[in-house]
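Asker: Below are the sequence and a predicted model for it; my questions follow.
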Amino acid sequence: MAKTQDFTAVMKDMMGAFPIDTTSMEDAFKTTASMNEKLSSVALEAAEKSAEISSKWTKDTLAKLADMSKAKSEPADYAKAMTDFASATAEVAAENMSAFAEIAKKVQMDTVELMMAAGKDITEDATAAVKKATTDVTAAAKKAAAK
């Protein structure tokens, strides 16, 4: 009966001839982790500022409501208090919406800046990895051809 050839040695030689360098994968992982950390920092900073604005807005509104709800001596004073409250609330709303827009603008600018920097880093890493892989494969091919 015919004996099947053992390909274990052949595969071992073939895999040994084309060594795999994992440093490019490690570098890519580190780059990605670093970018994620920076993006998280931008998001958390924006959330913190938004929470501060919301909290201040709520406190101001409650203070104005407390002033408006005080007993008045004349019926016309109630109408004036309501008008003052509505006017002040509209003014504060415009200020706070502007503050939220500034936060969103800063997040957008920081994100674009990070993405551009990350794109540059990834391109440099990929170029270095391709150069190294080409050098390694060329050397392995020359070594295999010399045998």
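Answerer: That came through, no problem. Treat the numbers as computed from the prediction; the structure is a model and nothing was measured. Numbers count the residues shown, from 1 in each chain.
Asker: Longest helix in the protein, please.
Answerer: Counting by DSSP state H, the longest helix found in the chain is helix 75-146.
Asker: packing partners for the helix or strand hosting residue 32?
Answerer: In the assignment (DSSP states H and E), residue 32 maps to helix 23-68. If contacts are counted by 3 or more Cβ pairs under 8 Å, 6 or more residues apart in numbering; DSSP states H and E, helix 23-68 sits against helix 75-146. All C-beta atoms are positioned from the backbone trio N, CA, C, and that covers glycine.
Asker: Could you list every helix and strand in contact with the helix it packs on?
Answerer: helix 8-17, helix 23-68.
Asker: Now do that helix against helix 23-68, angle only.
Answerer: 180 degrees (axes from the mean of the first three to the mean of the last three Cα atoms, to 10 degrees).
Asker: for this protein, where's the lowest mean pLDDT among helices and strands?
Answerer: When each helix and strand of the chain is scored by mean pLDDT, DSSP states H and E, helix 8-17 comes last, with a mean of 71.
Asker: Spatially central residue for this structure, please.
Answerer: Geometric centre of the chain, nearest residue: residue 39, 2.6 Å, by Cα atoms, centre = their mean.
Asker: Chain neighbours aside, what residue packs nearest to that one?
Answerer: Closest residue in space to residue 39, ignoring its immediate chain neighbours: residue 114 at 6.1 Å, by Cβ to Cβ, 6 or more residues apart in numbering.
Asker: what's near enough to touch that neighbour?
Answerer: For residue 114, the contacting residues are 35, 38-39, 42, by Cβ atoms under 8 Å, 6 or more residues apart in numbering.
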